[in-house]
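Asker: When you get a sec, could you give me coordinates for this:
(one chain, ligands or ions: 1)
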Amino acid sequence: LKTAALEAVQQTNDEKELQQIRVNYLGKKGELTGILRGMGKLSAEERPVIGELANVVREEITAALDEKKAVLEEKALEIQLQTEKIDISLPGYPVKRGGAHLLTQIVEEIEDLFVGMGYEIKEGPEVETDYFNFEALNLPKNHPARDMQDTFYLTNELLMRTHTSPMQARTMQKSDKNQPVKMICPGKVYRRDTDDATHSHQFTQIEGLYVDRDVKMSDLKGTLDAFAKAMFGKDRKIRLRPSFFPFTEPSVEMDISCKVCGGTGCRVCKGTGWIEILGAGMVHPNVLRMAGYDPEEFTGFAFGMGPERIAMLKYGVDDIRHFYTNDTRFLNQYHKA
Ligand code: FA5
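Answerer: Prediction:
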């Protein structure tokens, strides 16, 4: 029995088979166990002799089984290590780095500029009330100038803001009247405009507001001039045109020069050679009054600019729709390393 068992152990190369051999000889119904069970039938002299022999045999078989098991396990591990080896000297997969959208870059650049001039950055709601979008800005119901900004209404009183100017009224209303207000507010605005190369139904604006005792039109002009020079350099021409907004008096619009082009590829700068980038003016006395300021004591200026148009001029982008269509061939050109 011992020889047969040891031979079986030696011949197998399979862990499962080895386990089966263990069961066959040493298990509950195994051959050696059977012999030990039958010992009751033996004479008193035979019992210790056979018993001891059986124990020795069991130990030998167990030792052989354990030894073989260890050998087989080691072999299996070796095979696993061989087949699952990772070559750490291989080059890795390149990870593609993302980057800020051109529009985000421009907005951040403008923010930095104004923060440098002492402005605070604020954010306001895109879903706005009729009151803050229009009425608090001197645009009562049925005022014809409401048509200047065709509006997406949600309910009678709620709308998608058509400009960031409601943040003028919100900021002034909340402000400590003994402190000057100096804020800019970037954000999305919505209008029922027909999309073309320079117009989008959803675009970005950055509002600016400065209220204090004795703020003058020349302060506005100086601020806009400093902004335009920093943004576009000395080669571009800047012009201020008289304009109209119900919430500023007097009002101006600022244009930046662009190279006039021709032909079918030309969309942005055909015609005049100027692109309007912002509206501005001195805060209207009615707007100051509605926000709790005495217009006899306080004055202020405000502006609202379109960063898409600014980016188009700065980087020669010929269609505003490039900003929204997520074509990576466009976007990747502006990723900074
Ligand atoms: C306004 O929205 C005023 N709230 C600006 C203002 C603020 C005036 C404070 C006075 C004081 P306007 O509708 O002109 O004005 O828009 C301002 C700027 O937003 C424009 O100069 C232009 O750069 C940009 N803009 C206007 N409409 C669009 C459009 N459909 N698509 C992209 N940019 C636009």
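
Asker: Please report the distance of Leu220 from the ligand.
Answerer: From Leu220 over to the ligand the distance is 10 Å, taken as C-beta to the nearest ligand atom, to the nearest Å. For glycine as for every other residue, the C-beta is placed from the backbone atoms N, C-alpha and C.

Asker: Quick check: which element contains Asp219?
Answerer: Taking DSSP states H and E as the definition, one finds Asp219 inside helix 217-232.

Asker: same question, Met282
Answerer: strand 274-283.

Asker: Toward the C-terminus, what is the element adjacent to the helix holding Asp219?
Answerer: Next along from helix 217-232, by DSSP H and E: strand 238-245.

Asker: okay, the angle between whatever helix or strand comes next after that next one and strand 274-283?
Answerer: Counting by DSSP H and E, the next helix or strand C-terminal to strand 238-245 is strand 248-257. Between strand 248-257 and strand 274-283, the angle comes out at 160 degrees (axes from the mean of the first three to the mean of the last three C-alpha atoms, to 10 degrees).

Asker: buried set for strand 248-257?
Answerer: 248, 251-257 (16 or more other C-beta atoms under 10 Å).

Asker: what about this protein, any weak spots by pLDDT?
Answerer: 259-271, 337 (pLDDT under 70).

Asker: Flag every residue of it that's near the ligand.
Answerer: With the criterion set to C-beta under 6 Å from any ligand atom, the chain comes near the ligand through 149, 163, 165, 191, 193, 199-200, 203, 205, 245, 248, 251, 276-281, 302-306, 308-309, 320.

Asker: Please spell out the ChimeraX selection for the buried subset of those.
Answerer: Selection of buried members from these for ChimeraX, criterion 16+ other C-beta under 10 Å:
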select :149,163,165,191,200,203,205,245,248,251,276,277,278,279,280,281,302,303,304,305,306,308,309,320
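
Asker: For the ligand, what is the nearest residue in this structure?
Answerer: Nearest residue of the chain to the ligand (C-beta to the nearest ligand atom) works out as Gly306 at 2.4 Å.

Asker: So which elements touch the longest helix along the chain?
Answerer: Determined from DSSP state H, the single longest helix within the chain is helix 46-83. In this structure, helix 46-83 makes packing contacts with helix 2-11, helix 15-26, helix 31-37, judged by 3 or more C-beta pairs under 8 Å, 6 or more residues apart in numbering; DSSP states H and E.

Asker: coming back round to it: same for the strand holding Met282, what does it pack against?
Answerer: Helices and strands touching strand 274-283, by 3+ C-beta pairs under 8 Å, 6+ apart, are strand 202-212, helix 217-232, strand 238-245, strand 248-257, strand 299-305, helix 307-315.

Asker: Of all those, which one is nearest His335?
Answerer: helix 307-315 (12.6 Å; C-beta to C-beta).

Asker: buried ones in the closest one?
Answerer: If you call a residue buried by 16+ other C-beta under 10 Å, then helix 307-315 has these buried ones: 307-314.

Asker: Put together a markdown table for those residues, with distance to Asn156 on each row.
Answerer: Listed next are those as a markdown table, based on distance: C-beta to C-beta, whole Å:
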| residue | distance to Asn156 |
| --- | --- |
| Pro307 | 31 |
| Glu308 | 30 |
| Arg309 | 32 |
| Ile310 | 35 |
| Ala311 | 36 |
| Met312 | 36 |
| Leu313 | 39 |
| Lys314 | 40 |
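
Asker: Closest to Val57 out of the residues you listed?
Answerer: Once C-beta to C-beta is applied, the member of the buried residues of helix 307-315 that ends up nearest Val57 is Ala311, at 90.3 Å.

Asker: The closest one touches Asp319, doesn't it?
Answerer: No - under the criterion of C-beta atoms under 8 Å, Ala311 is not in contact with Asp319, lying 11.7 Å apart.
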